[in-house]
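Peer 1: Would you be able to build a 3D model of this:
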Amino acid sequence: MKKAELLVTPKNVEHIRELIQAGADAFLVGEQYFGLRLAGEFTLDDIQAATKLVKEHNKKIYVAMNGIFHNDKVDELGPYMQKIQEIGVDAIVFGDPAVIIARREAGVTLPLHWNTEQTATNFFTANYWGKRGSTRAVLARELSLEEVIDIKENAEVEVEAQVHGMTCMFQSKRSLIGNYFLFQDKAMEVENRSQNKNMFLHDKERSNKYPIFEDQNGTHIFSPNDICMIDELDEFLDAGVDSLKIDGILHETSYVTEVTSYYRQAIDAYYESRSAYKEIKKELFKKIEAIQPPLRPLDTGFYFKETVY
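Peer 2: A predicted model of the protein is given here:
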């Protein structure tokens, strides 16, 4: 039986080294000029160093090119893909069809992972992009577990699902933090606006705090809770989901590394026997709960329809 891949988003090259020791199988890296909502910024030199390290340990590395591209960036897609192919990465994660066209025109043969965030919701569309070069579909976080299983049963490509971490609920290409919320007479206010980190949109009515930040791609707002599916992993593994993703964005490296080690234990236990997994899953959940930041409660996202933005 083929083991599910444990995919993690690292902060930097040194963090990859720690994550390899923790049991990660693959890494998603890139730079915000081409990719969206990355845990860390990786220049081409960083990607080269990361790829060398990853290959030494027989792991995989994927580069994010899932940005929303305007005309001014289109001509840069092909040369960038040629460079990362020369480096030896394993795949490109994309959302914009311009990447497919630029890849073909540049003579690049790297596999593609289709990731449009919220619109990857059915196997028809996943298979459509599969016929156009994609080898994997990265499923939307808004799907129920039943829908994920149904897509996996009918998809002709690999399927990736997020099992831990933050989920983005809003993006605007505009810089909204300084130009909007601060001056609205609403029940929400921006905290820590003076720093472009550790900022929250505070909904006092619901007592929720939504992480918010700006980068080259605009403004991003995240859900107030973290997905944690470590005690429900058998559902994904029974269904044969190919890749399980831990998203480390806005978390400390030590937290991501420790969480990765717990998911590694859970996955290995499952493949040893279902009973072995069942014996440890609650304990592993409690260990994650113990290190969870106070402002980031754990839930199951949309997998069981508990989350309401």
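
Peer 1: all contacts plus neighbour counts: C-alpha atoms, from now on.
Peer 2: Noted.

Peer 1: Quick check, F34 in contact with H70.
Peer 2: No. Counting by C-alpha atoms under 8 Å, F34 stays clear of H70, with 11.0 Å between them.

Peer 1: neighbour-wise, which of those two wins?
Peer 2: For F34 versus H70, neighbours defined as other C-alpha atoms under 10 Å are more numerous around F34 (20 against 8).

Peer 1: Skipping its backbone neighbours, what lies nearest the residue positioned nearest the centre of the chain in space?
Peer 2: In the chain, the residue lying closest to the centroid (C-alpha atoms, centre = their mean) is D247, at 4.5 Å. Of all residues not flanking D247 in the chain, G165 sits nearest, at 4.9 Å (C-alpha to C-alpha, 6 or more residues apart in numbering).

Peer 1: which ones are touching the residue nearest to the centre of the chain?
Peer 2: V8, T9, A39, Q162, H164, G165, M166 (C-alpha atoms under 8 Å, 6 or more residues apart in numbering).

Peer 1: Just confirm the third one contacts G248, I think it does.
Peer 2: Yes. When contacts are counted by C-alpha under 8 Å, A39 is listed as touching G248 (5.6 Å).

Peer 1: what residues do the two have in common as contacts?
Peer 2: Joint contacts of A39 and G248 (C-alpha under 8 Å, 6+ apart) are T9, P10, K11.

Peer 1: pLDDT, neighbour count and secondary structure added to those, as CSV?
Peer 2: Formatted as CSV, the shared contacts of A39 and G248 follow (pLDDT from 0 to 100; neighbours: other C-alpha atoms under 10 Å; DSSP: H, G, I helix; E, B strand; the rest coil):
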residue, pLDDT, neighbour count, secondary structure
T9, 97, 24, coil
P10, 97, 29, coil
K11, 95, 21, coil
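
Peer 1: D150: which of these is nearest?
Peer 2: Distance to D150 across the shared contacts of A39 and G248 (C-alpha to C-alpha) is lowest for T9, with 26.2 Å.

Peer 1: correct me, but the closest one touches G248?
Peer 2: Yes. With contact defined as C-alpha under 8 Å, T9 reaches G248; the gap is 5.5 Å.

Peer 1: where do the contact lists of these two overlap?
Peer 2: Common neighbours of T9 and G248, using C-alpha under 8 Å, 6+ apart, are A39.

Peer 1: pLDDT score assigned to the residue nearest to the centre of the chain?
Peer 2: pLDDT recorded at D247 is 93.

Peer 1: now swap in K209 and tell me
Peer 2: At K209, the predicted lDDT confidence score is 74.

Peer 1: Chain neighbours aside, what residue packs nearest to A102?
Peer 2: Nearest residue to A102, sequence neighbours excluded (C-alpha to C-alpha, 6+ apart): G78, at 5.0 Å.

Peer 1: So that neighbour lies in a helix, does it not?
Peer 2: Yes. Counting by DSSP: H, G, I helix; E, B strand; the rest coil, G78 is part of a helix.
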